[in-house]
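S.K.: need the 3D shape of this:
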Amino acid sequence: MKKALAYLLSVLFYFFFGLTLLVFHALQWLTFNLFGYQAHKKIVDYLNLTILRCLNVLGTRIEFENEHNLPKNVPHIIVANHQSPYDIPPITWYLRKIHPKFISKKELGKGIPSVSYNLRHGGSILIDRKNPRQALPEIKKFAQYLNKTNRSAVIFPEGTRSRDGMPKRFSPNGLKMLFKFCPDAVIIPVSINNSWKLVKHGSFPLNIGIKVKFRVQKPIFVKDYDIETLILKVEQKIIKDIIHE
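M.R.: Predicted coordinates for the structure are as follows:
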């Protein structure tokens with residue numbers, strides 16, 4: 001019975017999700033070209049809120065816990081473990097005041113309505129993860145952009161999504177570049193739980209009735225530690241609240 005319901009609700013989810021991407025793609029194009037960054041950013045915020053409402057069709061509940069007052073007028077580096085594509089909308093919506101921008105693989109820059117447009121025009125960067133000669137200079141430029149704008153980077157240092165919730169070892173190169181060239185930044189570690197269960201059976205059917213939990217850990221100032229210690233500390237903060245089931 002549950003499996004049949006999962007198929008039905010997945011069809012409904014993808015209908016509303018696809019419609020959301022198409023509608024907001026047009027809205028992004030209009031606001032970006034007619035009104036500029038701030039208007040475009042507002043549309044992207046509500047795009048991600050609407051995706052969260054689409055997830056509710058599956059019975060998905062999102063719990064986003066943040067007990068910390070994030071410092072203002074400084075860049076932020078949001079570091080999180082990665083379990084599914086649906087990690088992104090909650091981070092974008094609930095941390096919207098600090099303007100999250102993503103370090104994404106270049107393949108996402110084409111072919112996906114709304115998502116690809118925002119990655120190309122909203123301040124995020126697209127990198128070739130197999131080509132450090134391309135990726136690392138792009139991350140350096142991205143860090144300089146953060147310094148200039150006091151916006152936020154989002155990086156998933158595991159590199160690929162965990163398929164079973166178990167955290168993968170962090171790849172340090174991207175973090176090192178951000179910490180080195182964004183020394184005044186504040187790091188926001190985020191622990192994500194249960195997002196992997198949404199895609200436990202693949203992209204269709206999606207799992208139903210899942211409670212996905214996000215917990216923002218205590219912020220860390222880049223300047224307070226050397227880079228090697230900093231990477232280890234951030235990784236420990238994130239994985240200590242990951243539930244292994």
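S.K.: quick check, central residue of this protein?
M.R.: Residue closest to the mean C-alpha point of the chain, counted by Cα atoms, centre = their mean, is Ile88 at 3.6 Å.
S.K.: test my guess that that one contacts Phe102.
M.R.: Yes - in this structure Ile88 lies within contact range of Phe102 using Cβ atoms under 8 Å: 7.2 Å. Yep, even glycine has a C-beta here, placed from its N, CA and C like the rest.
S.K.: and Asp87, how many neighbours?
M.R.: Residues lying near Asp87 (other Cβ atoms under 10 Å) number 22.
S.K.: and it, what is it in contact with?
M.R.: Residues near Asp87 by Cβ atoms under 8 Å, 6 or more residues apart in numbering: Ala80, Phe156, Ile192, Ser195.
S.K.: what ranges do the strands span in this structure?
M.R.: Here the chain has its strands, by DSSP state E, at 61-65, 76-80, 100-105, 125-127, 152-155, 186-193, 211-216, 220-221.
S.K.: so what strands line up beside the fifth one?
M.R.: To tie it back to what came earlier, the one meant is strand 152-155. strand 76-80 (parallel), strand 100-105 (parallel) (DSSP bridges).
S.K.: could the ones you listed go into a markdown table alongside mean pLDDT?
M.R.: Below are the strands paired with strand 152-155 laid out as a markdown table (pLDDT from 0 to 100):
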| stretch | mean pLDDT |
| --- | --- |
| strand 76-80 | 96 |
| strand 100-105 | 92 |
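S.K.: contacting residues around stretch 118-134?
M.R.: Counting by Cβ under 8 Å, 6+ apart, 28, 32, 37, 40-41, 44, 47, 99, 101-106, 108-109, 135, 138-139, 141-142, 145, 149, 151, 159, 173 sit against stretch 118-134.
S.K.: just checking, which of those residues belong to helices?
M.R.: When DSSP state H is applied, the contacts of stretch 118-134 are split such that 28, 32, 37, 40-41, 44, 47, 135, 138-139, 141-142, 145, 149, 173 fall in helices.
S.K.: and the buried ones among those, selectable in ChimeraX?
M.R.: For the buried members of the ones in helices among the contacts of stretch 118-134, the matching ChimeraX selection, counting by 16 or more other Cβ atoms under 10 Å, is:
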select :28,32,40,41,44,47,135,138,139,142,145
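S.K.: which of the ones in helices among the contacts of stretch 118-134 sits closest to Ile208?
M.R.: Closest approach between the ones in helices among the contacts of stretch 118-134 and Ile208, by Cβ to Cβ: Leu47, at 23.0 Å.
S.K.: isn't the closest one right next to Ser114, touching?
M.R.: Yes - the criterion here is Cβ under 8 Å, and Leu47 meets it with Ser114 at 5.9 Å.
S.K.: quickly list what's touching both of these two.
M.R.: Thr20, Phe24, Gln28.
S.K.: can these go into JSON lines with extra columns for distance to Pro219 and pLDDT?
M.R.: Listed next are the shared contacts of Leu47 and Ser114 as JSON lines, based on distance: Cβ to Cβ, whole Å; pLDDT from 0 to 100:
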{"residue": "Thr20", "distance to Pro219": "32", "pLDDT": "98"}
{"residue": "Phe24", "distance to Pro219": "30", "pLDDT": "98"}
{"residue": "Gln28", "distance to Pro219": "30", "pLDDT": "98"}
